[in-house]
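A.B. asks: Here's my sequence, what's the structure:
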Amino acid sequence: MSKNAIVVCGGGIVGLAAALGLAKSRQAVSLLAPRALVHRDTGDDYCPRVYAISPATQRYLHSLGVWELLNSARVTPVEGMAIFGDASGKVALDAWHGVQSALAWIVESSELEAVLQQAVKVYGLPWIDDKFQALGPESCITEAGRTMPAALVVGADGAQSPVRTAAGIEHRVRSYKEVGLVTHLDVERPHAKIAYQWFGVDGVLALLPMPDTAAGPQVSMVWSMRASQADELLAMSGEERNHALEHRLASVAGAQFGRFKVRRPVLGFPLTLETSDMVAPGVALVGDAAHRIHPLAGQGLNLGLGDVEQLVHTVAGRPTYRGPGDIRILRRYRRVRAEPVAAMVAATDGLHRLFASSFAPVVLTRNMGMHLVDRLPFIKRRLILAASGE
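C.D. replies: Prediction:
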């Protein structure tokens, strides 16, 4: 193994993309993660977790050679968004405002993981079926006791990142005291490739367009709900929970979609705002290991793959006399990522704070602001370009 060896820890979407990107940039890289092949859903079965892929992320996945491997029948372009406030506020965004064919594409997690695994295999990238245990001198040690040479260890190992802990990288966490509920729904009326979002003091509901099934139109639900309300729902039996959720959905969005029917188990995960210093000598973090944001903008994975793209660019473009784990190189990566990460944190956290308030003047101001934005095409264009990663 080269003295410039890189080990990517983590076999999820971000870890696979990091390893593939580094390999395609002619870096000596290995992937360290349990080798669990992802089941690719077929027919009317859809993975409960979906992502909104931005145009910038789509271009990067295309550059990695994996976008074309996705099953196009399971990828839904988002051609517009309808965003509602908790009073009369509304903003409508269309892809044409940004001179784009789509604002985003809704893709299942399993589809992305499967094509990335396929690409890693075809590329012949070394994949060590083990887990990270500890850092050593220019090496990392696996749970099985193997010592792997590593001038750079990339932590793509999720929000609980053992790599981050081992490197002593500062990590800051704030709970939103909310739970993100996800499931897929049958609806009466077609979504017309429009994503819908409702902001209110009780949380943020997003309904994302999905491929139709034999039962008719389908949407994916992401509901950021107060933890007390979400826990009450999750504690119910399956049938009781579905009935209660369908009733709540109808009260918020029923006029748009008609009747709802829950078609998948309802899953919940706690919502937090997390940031970190991202690097240490010989260690760089990407994705959830580096930061987590509120899902109201659907930008978490896009932010993580933006980390990957920049890390690959920085490491591959370093001077030949510096190793990939040189702290000066890694600080350059952190410096370039600081602005987009801070901007996304500010946007998502700011919107959350704005709509969490029930103070009457705040309610009036935010809904008036939405009306104003809806009447100004140039602001809509800036919003679309920012969300697209432009």
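A.B. asks: what about residue 244, which SS state?
C.D. replies: helix (DSSP: H, G, I helix; E, B strand; the rest coil).
A.B. asks: so how far is residue 236 from it?
C.D. replies: With distances taken as C-beta to C-beta, to the nearest Å, residue 244 is found 6 Å from residue 236. Where you see a C-beta, it was placed from the backbone N, CA and C, and this is true even at glycine.
A.B. asks: Kindly report the same for residue 22.
C.D. replies: Using C-beta to C-beta, one gets 46 Å for the distance from residue 22 to residue 236.
A.B. asks: Would you mark the buried spots in the helix or strand hosting residue 241?
C.D. replies: Using DSSP states H and E, residue 241 sits in helix 238-257. For helix 238-257, a neighbour-count test (16 or more other C-beta atoms under 10 Å) marks 241-242, 245-246, 248-249, 252-254, 257 as buried.
A.B. asks: Over to stretch 93-106?
C.D. replies: Result for stretch 93-106 [16+ other C-beta under 10 Å]: buried residues 93-95, 97-98, 100, 102-106.
A.B. asks: now do stretch 7-14
C.D. replies: Buried, per 16+ other C-beta under 10 Å, within stretch 7-14: 7-14.
A.B. asks: so who does the closest residue to residue 145 other than its chain neighbours touch?
C.D. replies: Spatial nearest neighbour of residue 145, excluding adjacent residues (C-beta to C-beta, 6 or more residues apart in numbering): residue 133 at 8.0 Å. With contacts defined as C-beta atoms under 8 Å, 6 or more residues apart in numbering, residue 133 is in contact with 140-143, 145, 162.
A.B. asks: circling back to that earlier point, among residue 22 and residue 236, which residue is more densely surrounded?
C.D. replies: Neighbour comparison, residue 22 and residue 236: the larger count goes to residue 22, with 25 against 14 (by other C-beta atoms under 10 Å).
A.B. asks: Is it correct that the more buried one is in contact with residue 29?
C.D. replies: Yes - Residue 22 is within contact range of residue 29, at 4.2 Å (criterion: C-beta atoms under 8 Å).
A.B. asks: Need the residues touching each of these two.
C.D. replies: Residues touching both residue 22 and residue 29 by C-beta under 8 Å, 6+ apart: 6, 8.
A.B. asks: Give me the subset of the buried residues of stretch 7-14 lying in helices.
C.D. replies: 13-14 (DSSP state H).
A.B. asks: pLDDT added to the buried residues of stretch 7-14, as a markdown table?
C.D. replies: Shown next, in a markdown table, are those (pLDDT from 0 to 100):
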| residue | pLDDT |
| --- | --- |
| 7 | 98 |
| 8 | 98 |
| 9 | 98 |
| 10 | 98 |
| 11 | 97 |
| 12 | 97 |
| 13 | 98 |
| 14 | 98 |
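A.B. asks: from the buried residues of stretch 7-14, which single one is nearest residue 84?
C.D. replies: residue 13 (30.2 Å; C-beta to C-beta).
A.B. asks: So the closest one sits against residue 113, correct?
C.D. replies: Yes - if you go by C-beta under 8 Å, residue 13 and residue 113 touch, sitting 5.7 Å apart.
A.B. asks: Now do the helices in this protein.
C.D. replies: With DSSP H as the criterion, the chain has helices spanning 13-24, 55-63, 109-123, 162-167, 227-234, 238-257, 300-316, 327-356, 360-374, 377-387.
A.B. asks: most tightly surrounded among those helices?
C.D. replies: Most buried of the helices of the chain by mean neighbour count (mean count of other C-beta atoms under 10 Å) is helix 13-24; its value is a mean of 26.
A.B. asks: From the chain's centroid, how far away is it?
C.D. replies: Chain-centre distance of helix 13-24: 16 Å, with C-alpha atoms, centre = their mean, to the nearest Å.
A.B. asks: Pull up the gap between residue 60 and residue 306, please.
C.D. replies: From residue 60 across to residue 306, the span is 8 Å (C-beta to C-beta).
A.B. asks: try residue 240
C.D. replies: Distance of residue 240 to residue 306, computed by C-beta to C-beta: 41 Å.
A.B. asks: and the strand ranked longest in the chain, which residues are buried?
C.D. replies: Looking across the chain with DSSP state E, the single longest strand is strand 171-187. By 16+ other C-beta under 10 Å, the buried positions in strand 171-187 come out as 171, 176, 178-187.
A.B. asks: quick one: which of these is nearest to residue 74?
C.D. replies: Proximity of the buried residues of strand 171-187 to residue 74 was ranked by C-beta to C-beta; the top entry is residue 184 with 12.4 Å.
A.B. asks: got TSV for the buried residues of stretch 93-106, with pLDDT too?
C.D. replies: What follows is the buried residues of stretch 93-106, written out as TSV (pLDDT from 0 to 100):
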residue	pLDDT
93	77
94	84
95	78
97	60
98	61
100	78
102	90
103	90
104	93
105	97
106	97
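A.B. asks: Quickly check those for the two that are furthest apart.
C.D. replies: Largest separation among the buried residues of stretch 93-106 by C-beta to C-beta: 97 and 106, giving 19.2 Å.
A.B. asks: Of the contacts of residue 133 - the most surrounded one?
C.D. replies: For these, neighbours tallied by other C-beta under 10 Å; top is residue 140, 25 neighbours.
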